[in-house]
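1. Here's a sequence, model it:
(one chain, ligands or ions: 2)
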Amino acid sequence: MAMSSHTVPPLKDKSLFKENVAFVNGKWVKAKSGKTFEVHDPASMKLIGTVPEMEQTDVNEAIDHASAAFKDFRNTLARDRARMLRRWYDLMMENKEDLATLITWENGKPTADALAEVNYAAGFLEWFSEEAPRIYGDNIPPSVAGNRMVTVKQPVGVCALITPWNFPAAMVTRKIGPALAAGCTVVAKAPGETPFTSLALGELAQRAGIPPGVVNFVTALDHTPAIGTLLCEHPSIKKLSFTGSTNVGKLLMKQSSSTLKKLSFELGGNAPLIVFDDADLDVAVAGAIASKFRTSGQTCVCANRIYVQSGIYDQFAQKFAEKVKSGFKTGSGYTEGVTHGPLIHSRAVAKVEHHIQDAIAKGGKVILGGQRIPDLGENYHQLTIITGVTGEMAIAGEETFGPVAGLIKFETEEEVIKAANTADVGLAGYFFSNDARRVWRVAEALEVGMVGINTGVISDVAAPFGGVKWSGFGREGSKYGVDEYVAIKTMTFGGVHPAI
Ligand SMILES: NC(=O)c1ccc[n+]([C@@H]2O[C@H](COP(=O)([O-])OP(=O)(O)OC[C@H]3O[C@@H](n4cnc5c(N)ncnc54)[C@H](O)[C@@H]3O)[C@@H](O)[C@H]2O)c1
Ligand SMILES: O=CCCC(=O)O
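-> Numbers count the residues shown, from 1 in each chain. Ligands and ions are numbered 1, 2, ... in the order given. Next comes the predicted model:
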């Protein structure tokens, strides 16, 4: 099979590439068993390198170190934690090209997207460096005479963090930022497909002066389920924050029941994107493209069901296809001008193909793309648009997580809201309309955690990120992000004399 010409740019700072080691207690360690697993470049399928295949015993040690570190870290001044996070942010920005090179290498996304991810990821460290000194409690008027009440917010303890490959840097900084701001320590399980970005972040954490044991990165591929079980069942882990699929989220929730941990789950999506007849067509087309094809459709907030009202359906489909056809180029993420890279692995491509074939079999019509691109490599697929999609097709019922846009025709507002809300999941939703009353109605009616109104871009470190229904619970980023990592303690003082 032909492979893409693909030259990986050298890192300016080679010490950011950590091979065969994980990061525990401020040290670079191997798995006790000596076992490793391979990580491959999704663009060329060439070997990038190997990392430790850790087992429960290795991760147990990381938890012990994080527990020991918590004793001191919980008592550090919030202002000092803010400074550490700020230094880590600065180091990410100073090393942004190298971090982007690593992201493109192991994830495949084009350099411009990888750089945007580094900015986004570092932004969480900056944001939570600013939140750390403002984790306030309350002074509450009591209902009992002579009492006085205050609350304080205390760090929950050691946190386990599990994140996916689609944003190798941003998904983990969105968790570590608030955890450290609150005074927690963390054991983060790096994604098996993209561990090298996490390890580079570990190196920068160390340079930022974050004390040993506060941030630990463990690595595993085949042993992931066993490590997941340990992180859920270990009594010293007080909090689990997971980003990934709904099925794995449900499993982790079940496994965590014996220790009743605090949980946050950022799970799968199946975002509806609705274009009403009264929308500005150009704005709607641009928004649909931004939402659907960002990172080749591999984000949890990508539009997955595009509902277009009958009056503008044909016009929308034509303009959408023209823009996608003329505006984008698929290829190696390092190639100048490339806007879309490979998918993460062949299973992802197979799911895309299944959704296309299923749609065709049920009457859908491919108006753009529809094929793999074997000349580039085995993980490449064309950006694809299908018209005539219906609710019975797999593409409407499941998250594709790939570059296929299915256009569904609808007649009325009532009908489309009902259809949009049939999904079990509810992460993001989008709609395009210029009717002010409809804008409020629809925004309130959609059963999702985040709504984009006349925009396809909703991600922002300042915005609460999270879902409802089977998309999970908890909010990341924003002023609410720290809440997931603190416990509120109420202090009631009795027998206080009335004011003199
Ligand atoms: N809501 C969000 O913020 C958000 C963000 C990104 C991705 N996602 C979702 O993630 C999914 C895509 O990522 P994926 O396919 O890698 O998901 P996944 O659930 O298979 O894997 C996510 C992470 O969980 C780990 N994992 C898998 N099985 C595990 C187990 N038994 N115990 C412990 N850890 C386990 C993986 O190694 C990976 O690090 C999509 O459904 C997407 O919508 C959600
Ligand atoms: O894939 C999920 C996260 C995407 C984002 O934060 O914009």
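2. Please count neighbours and contacts with C-alpha atoms only from this point.
-> Fine.
3. and Arg148, how far is that from ligand 1?
-> 40 Å (Cα to the nearest ligand atom, to the nearest Å).
4. Show me what that residue is bridged to.
-> Beta bridges link Arg148 to Phe493 when assigned by DSSP bridges.
5. which residue sits closest to the residue nearest in space to the middle of the chain in space, ignoring its chain neighbours?
-> The chain has Met171 as the residue nearest its centroid, 4.2 Å off, counting by Cα atoms, centre = their mean. Spatially, and ignoring its direct neighbours in sequence, Met171 is nearest to Thr163 (6.1 Å; Cα to Cα, 6 or more residues apart in numbering).
6. Was I right to think that neighbour contacts Leu240?
-> No - using Cα atoms under 8 Å as the test, Thr163 is too far from Leu240 to be in contact (10.9 Å).
7. burial count for the residue nearest to Met171?
-> Neighbour count of Thr163, defined by other Cα atoms under 10 Å: 23.
8. can you check Val482 too?
-> Residues within reach of Val482, counting by other Cα under 10 Å, total 24.
9. for the one 4 residues further on, same thing?
-> Here the neighbour count serves as a burial measure; for Val486 (other Cα under 10 Å) it reads 23.
10. what separates it from ligand 2, distance-wise?
-> 22 Å.
11. Look up how far Glu61 lies from Gln55.
-> I think there's a mix-up here, since residue 55 is Glu and not Gln. Distance, Glu55 to Glu61, by Cα to Cα, to the nearest Å: 10 Å.
12. Which one of these two is surrounded by more residues?
-> Glu55 (22 against 13).
13. per-residue confidence at the more buried one?
-> Note on Glu55: pLDDT of 98.
14. wouldn't it be in contact with His223 here?
-> Yes - if you go by Cα under 8 Å, Glu55 and His223 touch, sitting 6.2 Å apart.
15. can you give me the helices for the protein?
-> Along the chain, the stretches classed as helices by DSSP state H are 56-73, 78-94, 96-107, 111-131, 170-182, 195-207, 224-233, 246-255, 281-293, 313-327, 346-361, 394-397, 413-420, 436-445.
16. Just the buried positions in the fourth one, please.
-> Residues of helix 111-131 classed as buried by neighbour count (16 or more other Cα atoms under 10 Å): 111-115, 117-131.
17. which of those come close to ligand 2?
-> When Cα under 6 Å from any ligand atom is applied, no member of the buried residues of helix 111-131 is adjacent to ligand 2.
18. Can you name the residues of this protein sitting close to ligand 2?
-> Residues of the chain lying close to ligand 2 (Cα under 6 Å from any ligand atom) are Thr299, Cys300, Val301, Ser459.
19. Could you double-check that the second one lies in contact with Ser291?
-> Pointing back at Cys300 there. No - taking contacts as Cα under 8 Å, Cys300 lies outside contact range of Ser291: 10.2 Å.
20. who's more crowded, those two?
-> Set Cys300 next to Ser291 and count neighbours by other Cα under 10 Å: Ser291 wins out with 26 against 23.
21. For the more buried one, list the residues it contacts.
-> Gly297, Val301, Cys302, Ala303, Gly456, Val457 (Cα atoms under 8 Å, 6 or more residues apart in numbering).
22. Export those residues to JSON lines and append columns for distance to ligand 1, neighbour count and pLDDT.
-> Converted to JSON lines, the contacts of Ser291 look like this (distance: Cα to the nearest ligand atom, whole Å; neighbours: other Cα atoms under 10 Å; pLDDT from 0 to 100):
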{"residue": "Gly297", "distance to ligand 1": "10", "neighbour count": "25", "pLDDT": "98"}
{"residue": "Val301", "distance to ligand 1": "7", "neighbour count": "29", "pLDDT": "98"}
{"residue": "Cys302", "distance to ligand 1": "9", "neighbour count": "34", "pLDDT": "98"}
{"residue": "Ala303", "distance to ligand 1": "11", "neighbour count": "33", "pLDDT": "98"}
{"residue": "Gly456", "distance to ligand 1": "16", "neighbour count": "27", "pLDDT": "98"}
{"residue": "Val457", "distance to ligand 1": "14", "neighbour count": "18", "pLDDT": "98"}
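23. mind listing which of the residues you listed are in strands?
-> Using DSSP state E, the subset of the contacts of Ser291 located in strands is Ala303.
24. List just the nearest of the contacts of Ser291 to Val187.
-> Val301 (26.1 Å; Cα to Cα).
25. Now do the contacts for the closest one.
-> Contact analysis of Val301 by Cα under 8 Å, 6+ apart lists Gly269, Asn270, Ala271, Ser291, Leu427, Ala428, Gly429.
26. Name all residues that make contact with the closest residue to Thr50 other than its chain neighbours.
-> Computed as Cα to Cα, 6+ apart, the closest residue to Thr50 that is not its neighbour in sequence is Glu38, at 4.5 Å. By Cα under 8 Å, 6+ apart, Glu38 lies in contact with Leu47, Ile48, Gly49, Thr50, Val51.
27. at 10 Å what do you get?
-> The contact partners of Glu38, by Cα atoms under 10 Å, 6 or more residues apart in numbering, come to Asn20, Leu47, Ile48, Gly49, Thr50, Val51, Pro52, Glu53, Gly192, Glu193, Leu221.
28. Same check on Arg74?
-> Counting by Cα under 10 Å, 6+ apart, Arg74 has contacts Arg81, Gln154, Pro155, Val156, Gly157, Leu180, Ala181, Ala182, Gly183, Cys184, Thr185.
29. Now do the same for the closest residue to Val152 other than its chain neighbours: its pLDDT.
-> Excluding its sequence neighbours, the residue lying closest to Val152 (Cα to Cα, 6+ apart) is Gly137, at 4.5 Å. Note for Gly137: predicted pLDDT of 98.
30. any weak-confidence spans in the protein?
-> 1-5, 499-500 (pLDDT under 70).
31. For the stretch 1-150 of the chain, which residue gets nearest to ligand 1?
-> Closest to ligand 1 within the stretch 1-150 of the chain is Asn107: 11.4 Å, counting by Cα to the nearest ligand atom.
32. now that residue: how far from Gly452?
-> Counting by Cα to Cα, the gap from Asn107 to Gly452 is 26 Å.
33. which one of these two has more residues nearby?
-> Using other Cα under 10 Å as the criterion, Asn107 and Gly452 rank with Asn107 on top: 29 against 18.
34. quick one, what contacts that one?
-> Going by Cα under 10 Å, 6+ apart, Asn107 touches 40-43, 101, 114, 165-168, 193-195, 197, 295, 333, 341-345.
35. what do you get for Ile356?
-> Taking Cα under 10 Å, 6+ apart, one finds 350, 362, 364-366, 370-371, 384-386, 393-395, 400, 404-406 in contact with Ile356.
36. Just the buried residues of these.
-> So, by 16+ other Cα under 10 Å, the buried ones in those are 364-366, 370-371, 384-386, 393-395, 400, 404-406.
37. Which pair of the residues you listed spans the longest distance?
-> Between any two of those (Cα to Cα), the greatest distance is 18.5 Å, for Gln371 and Met393.
38. coming back round to it: measure the residue nearest to Thr50 to ligand 2 for me?
-> 24 Å.
39. how many other residues sit next to Asn75?
-> With other Cα under 10 Å as criterion, Asn75 counts 12.
40. Tally up the residues packed near the closest residue to it other than its chain neighbours, please.
-> Excluding its sequence neighbours, the residue lying closest to Asn75 (Cα to Cα, 6+ apart) is Gly183, at 7.4 Å. The tally of other residues near Gly183 (other Cα under 10 Å) stands at 27.
41. Would you enumerate the residues in contact with the residue of the stretch 351-500 of the chain found nearest ligand 2?
-> The nearest approach of the stretch 351-500 of the chain to ligand 2 comes at Ser459, 4.5 Å away (Cα to the nearest ligand atom). Contact analysis of Ser459 by Cα under 10 Å, 6+ apart lists Tyr120, Val301, Met450, Gly452, Phe465, Gly477.
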